[in-house]
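Enquirer: Okay, sequence plus prediction incoming.
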Amino acid sequence: MNSEPKIVTWDLRDAEGCGPLVINLGATILALHVPDALGRVGNVALGLGQADAYRTSNYYFGCVVGRYANRIAQGRFSLDGQDFQLPINNGPNTLHGGRCGFNKRVWHGEDLPHPNGKGVSLSLDSPDGEEGFPGDVRVSTSYVWTNDRQLIIEFEATTSKPTPFNITQHSYWNLGGVNGDRTILDHELCVDADTYLPVDDRLIPTGELRPVAGTPFDFRSEKPIGQDIGMADEQLDRANGYDHCWVLNGTGLRQVAALSHAGSGRRMTVETDQPGMQVYSGNGFDGDAGEAIYAQYGGVALETQHFPDSPNQSRFPDTILRPGQRFSSQTIFSFAVT
């Protein structure tokens with residue numbers, strides 16, 4: 001008898017077939033359909049095809065990652081005089097919450113009525129000590145697809161003990177349409193950030209906020225992702241492409257990025273209230289990802305979040321969630337044609 005929790009799917013697509021498919025395993029977006037300039041509706045979010053494949057995949061396609069998104073150096077941090085050791089699952093580091101992060105958990109989900117579309121609300125209890133993190137954490141994620149083709153993502157969380165907390169949505173986008181051989185190198189990206197976080201050879205931020213001016217990391221004006229990705233640059237060499245956090249300009253909910261694809265006419269903008277955005281250009285795709293096959297650079301993740309390794313970096317914004325506090329965040333992906 002199979003004792004694994006049942007995977008449930010929510011279809012948030014509208015009458016034109018546009019919108020996301022969401023499952024409760026990992027609060028994952030399986031696919032997201034939007035039209036191109038000719039009105040042809042296609043999927044622009046990379047996935048694994050079969051819902052059960054997400055139980056074992058380590059590619060983080062479309063899921064919510066936590067309790068701490070991104071990397072914590074050596075899986076170690078100190079908090080209020082106590083040392084903590086987390087499971088190591090990414091070289092010498094802890095990545096995206098450890099071996100069994102939020103992406104491997106089955107969330108409780110229910111329909112979320114909305115006056116301008118439809119949505120789903122998903123909740124999860126992360127017990128004290130899960131993957132080495134302190135505190136009972138109650139977290140919720142909501143997805144709303146609106147009639148004007150916005151995907152509104154909201155996170156909330158509370159804790160019983162002080163704990164590092166950093167959460168993000170980890171979809172990979174290809175506005176040309178999901179295809180195993182199609183890359184995002186011809187996509188034009190703009191990021192409203194004057195600085196980014198360079199990394200060491202473990203892909204951990206050095207602590208420096210480095211100006212993007214004069215570097216391959218300058219996306220203040222739209223340019224193709226592939227324009228500089230092959231340049232001789234120590235930072236690009238360390239990640240085999242882009243896998244860095246940009247320090248976003250401004251505060252509060254504001255537009256921070258735009259992604260466009262001339263061939264399809266699709267354009268996506270990103271609004272968030274978070275201080276950073278990790279841009280990962282699919283450097284590790286090798287043509288074989290379980291049930292799906294994607295070429296290197298087959299999709300780009302635009303992960304709105306706090307900075308990597310913040311529990312060990314005093315110069316970075318604080319990511320400690322404490323009892324009595326409520327974490328809340330919003331990110332909006334808006335889709336249009338040009």
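Expert: Yep, it's here.

Enquirer: Flag the shaky bits of this structure, pLDDT-wise.
Expert: Scanning the chain for pLDDT under 70 picks out 1-3, 288-292.

Enquirer: redo that, cut-off 50
Expert: 1 (pLDDT under 50).

Enquirer: Can you tell me the centre-most residue of it?
Expert: The centre of the chain sits closest to His170, judged by CA atoms, centre = their mean, with a distance of 2.6 Å.

Enquirer: Number of residues surrounding the closest residue to that one other than its chain neighbours?
Expert: Leaving out its chain neighbours, the residue that sits closest to His170 by CB to CB, 6 or more residues apart in numbering is Tyr60, at 4.5 Å. All C-beta atoms are positioned from the backbone trio N, CA, C, and that covers glycine. Residues lying near Tyr60 (other CB atoms under 10 Å) number 23.

Enquirer: Next up, the contacts around Tyr60.
Expert: 96, 103, 170, 301 (CB atoms under 8 Å, 6 or more residues apart in numbering).

Enquirer: Show me what counts as buried in stretch 5-16.
Expert: 7-8, 10, 12-13 (16 or more other CB atoms under 10 Å).

Enquirer: For it, output the C-alpha coordinates as CSV.
Expert: Below are the C-alpha coordinates for stretch 5-16, written out as CSV (Å, rounded to 0.1, in the frame of the first residue of the first chain):
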residue,chain,number,x,y,z
PRO,A,5,0.6,11.7,0.5
LYS,A,6,-1.6,12.3,-2.6
ILE,A,7,-0.5,14.9,-5.1
VAL,A,8,-3.3,17.2,-6.0
THR,A,9,-3.4,19.6,-9.0
TRP,A,10,-5.0,23.1,-9.3
ASP,A,11,-5.8,24.3,-12.8
LEU,A,12,-5.8,28.1,-12.6
ARG,A,13,-6.0,28.6,-16.4
ASP,A,14,-8.6,31.1,-17.7
ALA,A,15,-11.1,30.6,-20.6
GLU,A,16,-8.4,31.2,-23.1
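
Enquirer: which residues sit against that stretch?
Expert: Contacts of stretch 5-16 (CB under 8 Å, 6+ apart): 19-25, 30, 33, 35, 41, 51-52, 106, 109, 111, 117-120, 143-145, 147.

Enquirer: Only the buried subset of the residues you listed, as a PyMOL command please.
Expert: Buried residues within the contacts of stretch 5-16, by 16+ other CB under 10 Å, are selected in PyMOL with:
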select buried, resi 19+20+21+22+23+24+25+30+33+35+51+106+109+117+118+119+120+143+144+145
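
Enquirer: just checking, which of the contacts of stretch 5-16 belong to strands?
Expert: 19-23, 30, 33, 35, 41, 109, 111, 117-120, 143-145 (DSSP state E).

Enquirer: circling back to that earlier point, closest one to Thr251 out of the buried residues of stretch 5-16, please.
Expert: Leu12 (29.7 Å; CB to CB).

Enquirer: Quick check: the closest one vs Val34, distance?
Expert: 12 Å (CB to CB, to the nearest Å).

Enquirer: ok, now Thr206?
Expert: Distance from Thr206 to Val34, by CB to CB: 38 Å.

Enquirer: Looking only at neighbour counts, state which of these two leads.
Expert: More neighbours surround Val34 than the other of Thr206 and Val34, with 26 against 12 (other CB under 10 Å).
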